[in-house]
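> Got a predicted model here, sequence first, then my questions.
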Number of protein chains: 4
Amino acid sequence: MPIRVTVWNEFRHEKSHEAVKKVYPKGMHITLKGALEKLLGDQVKVGTATLDEPDHGLSEKVLKNTDVMLWWGHMAHGEVKDEIAAKVAQRVREGMALIVLHSGHISKPFVKLMGTTGFLKWREAAEKERLWNVMPGHPITAGLAKDYIELPHEEMYGEHFDIPTPDELIFVSWFEGGEVFRSGCVWRRGAGRVFYFRPGHETFPTYHNAEVQQVIANAVKYLAPTAGAVPFRNSCPNVKESLSPIVGEHEVDETLHKR
Amino acid sequence: MPIRVTVWNEFRHEKSHEAVKKVYPKGMHITLKGALEKLLGDQVKVGTATLDEPDHGLSEKVLKNTDVMLWWGHMAHGEVKDEIAAKVAQRVREGMALIVLHSGHISKPFVKLMGTTGFLKWREAAEKERLWNVMPGHPITAGLAKDYIELPHEEMYGEHFDIPTPDELIFVSWFEGGEVFRSGCVWRRGAGRVFYFRPGHETFPTYHNAEVQQVIANAVKYLAPTAGAVPFRNSCPNVKESLSPIVGEHEVDETLHKR
Amino acid sequence: MPIRVTVWNEFRHEKSHEAVKKVYPKGMHITLKGALEKLLGDQVKVGTATLDEPDHGLSEKVLKNTDVMLWWGHMAHGEVKDEIAAKVAQRVREGMALIVLHSGHISKPFVKLMGTTGFLKWREAAEKERLWNVMPGHPITAGLAKDYIELPHEEMYGEHFDIPTPDELIFVSWFEGGEVFRSGCVWRRGAGRVFYFRPGHETFPTYHNAEVQQVIANAVKYLAPTAGAVPFRNSCPNVKESLSPIVGEHEVDETLHKR
Amino acid sequence: MPIRVTVWNEFRHEKSHEAVKKVYPKGMHITLKGALEKLLGDQVKVGTATLDEPDHGLSEKVLKNTDVMLWWGHMAHGEVKDEIAAKVAQRVREGMALIVLHSGHISKPFVKLMGTTGFLKWREAAEKERLWNVMPGHPITAGLAKDYIELPHEEMYGEHFDIPTPDELIFVSWFEGGEVFRSGCVWRRGAGRVFYFRPGHETFPTYHNAEVQQVIANAVKYLAPTAGAVPFRNSCPNVKESLSPIVGEHEVDETLHKR
């Protein structure tokens, strides 16, 4: 069974900004889809969805049939419907993986799942970024030639990045202009996981970079749900029958639990 | 400077249910306020707020002047205004501490800060609970006679408890009927912290228990903001001037950042 | 390429205690080997090693060719040579996985890797244990019928269990006699990982239990090293050439670094 | 009651290297002692100990009467007696705090407590270091003017730093030459805590820097043991009497537990 991936892209910059169109003529989602298909072949089945489609391309059916979702958004976070963002977040709790890219740090699904603002410092100065690996042996690093990825030109994102403590901190970025950033982080939410991966400013050819593509492909495999694992329970059940005997008086007022 | 505490209580059960009124005649918040004043004296200045006051008693002024907030709610989570819950959550990010008690596991501020559902199993059968300490030396355990707190009768809460990985797991509960529960957990959010503490079903005299009171008083001291610490930055600033020199071409399209 | 597993067993109780011999006539390692081969088939190649073999069966060659090691010891922890224990620990840092079972909580390799004592409370009273899952969706839980595993008779291990904060806490045990225990924990060390799994007292048929076997088989797959991941660097290199230019005066006294 | 601090210093470079003697004429320990006394006054009682004293200045009495120990060593890690290092580590588990400075990353007590090698990359090129705060609101940052500390000249330490996942990651360093480093980390071990703080190369006046002094003073206060907290239990007791009744057959062979 292939991993079912949906690449979600805001897909606005590619239409409105010449510089971006030049880098991603068909849209970032098509570039990312192509990279995943090239690197993972039969292991994945990749679809795409974009902001301006009905329901942002994220119908119930699409959501239900997605194992791993990629999310790139920037200028139009506010146009994502709260209801759709809530459904994406809930699907993560139920087991779907969400790979949040770059400016998705303040996207609605990410912020909902983190409980933090996602705020950071930034500077667009085409500066050098080095993503240092701080977790050797991690599956997400498979195939990297060195213990860092170097990108000649990227937008800077600097700490403090307002996120909860990551369950796994895999990359920390160095920027030429003087800042650092936790740029590869994994969190569990319910039965699913979120991977935030920093690089990908729209005017740079970052998603054409072979190592960036490799990390994203690795993440798809790493985060995909495990068949048969103990499932998420989306309820607060009253388990009236105890598993082991309870000794002693029981004075229970049922009316208290009519929430 | 005393720690400024606000005890927030839904304060409904105490008015509508005789059994609860008997245990907390003036409301749980008054019992908790009294306990904090007794145990911490001059170290605290304690106020209260309840659901049915205007803005649930949580005006801008109250929020701004609160270092540590306690939160007990149960039957009326849905009546808490989204706007107020959002402000409470934001105050935590800015440095306020939030102590979420018992049925607050699905309260709006808690769920917003966690990014999870807060769902759990429950059973009301007046069974025995033992809260085992799994983190010796922790300040929240000061004054406990043993390495566990025993409560003769409590409502059961059982795993899976849908929370993010705690930054600190301090207590794990054993229940007579066969379940376990992560019952004392701390998370950082922004510059503030959240402490979830499980016990406190409304029909049992749990908040009259000296050890439960001690833990809550310890938590107030432990979680209170530190004067002069690096503050939360509630923005995404563009830091155009780099701290260190950036070498190489800079082609920046300012129009991309008009979010 | 199959995962190369080595099941290490102290293999003393099975020879000296009739009750144990009855449960594991050929030794626990043979039972565990059989379970892994039955559940994982071609995915694994399983060898065994025991205390009384030369070098405890853990020659350089065996260590080098092991991806995942299981470790069961109890009465003879002190007989394991420090040198061998150190090599096992170092292999973990280099990427090998170590699955520490039951009374291995104070085995030399585990204690060396944790930096803690591994101390706990215990009671042998053939009591009921329930291992509750607290991390839904985790690969180690694949194939479990419920959100807990129930063992009718086990030795009790109780908190405080002296371990560092687990990177992943997957199971928490409930014991009939009143205690709880963090019974399924994962930690990273260097490029490798350690999984501590609690059940397995020698007089009970725990390693014949299908769900216990399933968890161990899942762990083998989950923890096995990833080919091509960024490797562990077993040195403190002096990287004299900087990646980016350093501006300013450099007065370096080389004699300081003759350690 | 003042916090009882012992500043441990290898105290060799200051005697053998002119450049170091110039910076710390009486030894680094005296500089650090003075800084703590200046910043914390009556809140601390500070003693010192050095490698060449009997038992490295760490008699049973000194160890027993130390709440917080600072550790600086570099060229003579191997001369620290294993027995003394083991006692220091054990005192941490019992509740003492250990602040490991700079080249202490491969000191015996640190490595014993971490279970990792402490290996890292390094370069001595008098380059700029910026320690970025990644945890706003943390008590260790009290009094810092900015969200980073800038040191004009330091030795570089680069990732991968072989440490377990920190319980708290407070500072991440940026180095002029292109590397990053997790430079302020806290871990719990038993009832005590370890704080690793990176800066402090012996030829630079780092411990005269007001902000570095402030962080160390803050750490002393933050990590000091809490009176009356649940203590570390340095044993594996057999708790024969259960707290709750155990139903069913009990066949226990006492001879199995003669370890």
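Right, received. Where do you want to start?

> and stretch A:152-161, does that touch chain C?
No - counting by Cβ under 8 Å from any Cβ of the partner chain, chain C has no neighbours in stretch A:152-161; the shortest distance is 12.1 Å. To be clear about C-beta, it is placed using only N, CA and C from the backbone, and glycine gets the same treatment.

> Tell me how far that stretch lies from the chain's centre.
Taking Cα atoms, centre = their mean, to the nearest Å, the mean C-alpha location of stretch A:152-161 is offset from the chain mean by 18 Å.

> Please point out which parts of it sit buried.
A:153-161 (16 or more other Cβ atoms under 10 Å in any protein chain shown).

> Could you tell me the average pLDDT over it, please?
For stretch A:152-161, mean pLDDT rounds to 97.

> now stretch A:9-29
Here the average pLDDT along stretch A:9-29 is 96.

> Same check on stretch A:65-83?
Mean predicted confidence for stretch A:65-83 is 98.

> Keeping just the C-alphas, turn that stretch into PDB.
Presented in PDB, the C-alpha positions along stretch A:65-83 are these (Å, rounded to 0.1, in the frame of the first residue of the first chain):
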ATOM      1  CA  ASN A  65      -7.600   9.500   2.200                       C
ATOM      2  CA  THR A  66      -4.500  11.400   3.100                       C
ATOM      3  CA  ASP A  67      -1.700   9.800   5.200                       C
ATOM      4  CA  VAL A  68       0.800  12.600   4.900                       C
ATOM      5  CA  MET A  69       0.000  16.300   4.100                       C
ATOM      6  CA  LEU A  70       2.500  18.900   3.100                       C
ATOM      7  CA  TRP A  71       1.500  22.500   3.800                       C
ATOM      8  CA  TRP A  72       3.000  25.700   2.100                       C
ATOM      9  CA  GLY A  73       1.300  29.000   2.700                       C
ATOM     10  CA  HIS A  74       2.400  32.600   3.100                       C
ATOM     11  CA  MET A  75       0.400  35.600   2.000                       C
ATOM     12  CA  ALA A  76      -3.100  34.300   2.400                       C
ATOM     13  CA  HIS A  77      -3.100  32.400   5.800                       C
ATOM     14  CA  GLY A  78      -6.200  34.400   6.700                       C
ATOM     15  CA  GLU A  79      -8.100  33.100   3.700                       C
ATOM     16  CA  VAL A  80      -7.900  29.500   4.900                       C
ATOM     17  CA  LYS A  81     -11.300  28.700   6.400                       C
ATOM     18  CA  ASP A  82     -11.300  28.100  10.100                       C
ATOM     19  CA  GLU A  83     -13.400  25.000   9.600                       C
END
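
> need the contact list for A:V46.
A:5-7, A:33, A:36-37 (Cβ atoms under 8 Å, 6 or more residues apart in numbering or on different chains).

> Could you save those residues as a markdown table and add columns showing secondary structure and distance to A:V172?
A markdown table is the format used below for these (DSSP: H, G, I helix; E, B strand; the rest coil; distance: Cβ to Cβ, whole Å):
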| residue | secondary structure | distance to A:V172 |
| --- | --- | --- |
| A:V5 | strand | 27 |
| A:T6 | strand | 29 |
| A:V7 | strand | 26 |
| A:K33 | helix | 29 |
| A:L36 | helix | 25 |
| A:E37 | helix | 30 |
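
> Okay, now the unreliable bits of the stretch 151-259 of chain A?
Within the stretch 151-259 of chain A, the stretches with pLDDT under 70 are A:248-259.

> Would you map the strands across it?
A:168-175, A:180-189, A:192-197 (DSSP state E, counting those that start in this stretch).

> Need these in TSV (columns: distance to C:A76).
Shown next, in TSV, are the strands of the stretch 151-259 of chain A (distance: least, Cβ to Cβ, whole Å):
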stretch	distance to C:A76
strand A:168-175	36
strand A:180-189	38
strand A:192-197	41
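
> just to revisit the earlier point, give me the buried entries from the contacts of A:V46.
The buried subset of these - by 16+ other Cβ under 10 Å - is A:5-7, A:33, A:36-37.

> Quickly check the residues you listed for the two that are furthest apart.
The largest separation in these, counting by Cβ to Cβ, is between A:T6 and A:E37 at 13.4 Å.

> hang on, A:S173 packs against A:K128?
No - if you go by Cβ atoms under 8 Å, A:S173 and A:K128 don't touch, sitting 10.3 Å apart.

> The closest residue to A:A19 other than its chain neighbours: neighbour count?
Ranked by Cβ to Cβ, 6 or more residues apart in numbering or on different chains and with sequence neighbours excluded, the top spatial neighbour of A:A19 is A:T203, at 4.9 Å. For A:T203, the neighbour count with other Cβ atoms under 10 Å in any protein chain shown is 21.

> does A:T203 really touch A:V23, like I thought?
Yes - applying Cβ under 8 Å, one finds A:T203 in contact with A:V23, separated by 6.6 Å.

> ok, back up a step: could I get the strands of the stretch 151-259 of chain A in JSON lines, plus columns for mean neighbour count?
Formatted as JSON lines, the strands of the stretch 151-259 of chain A follow (neighbours: other Cβ atoms under 10 Å in any protein chain shown):
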{"stretch": "strand A:168-175", "mean neighbour count": "26"}
{"stretch": "strand A:180-189", "mean neighbour count": "25"}
{"stretch": "strand A:192-197", "mean neighbour count": "25"}
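
> nearest to C:A229, of those strands?
Here strand A:168-175 is closest among the strands of the stretch 151-259 of chain A (Cβ to Cβ), at 10.5 Å.
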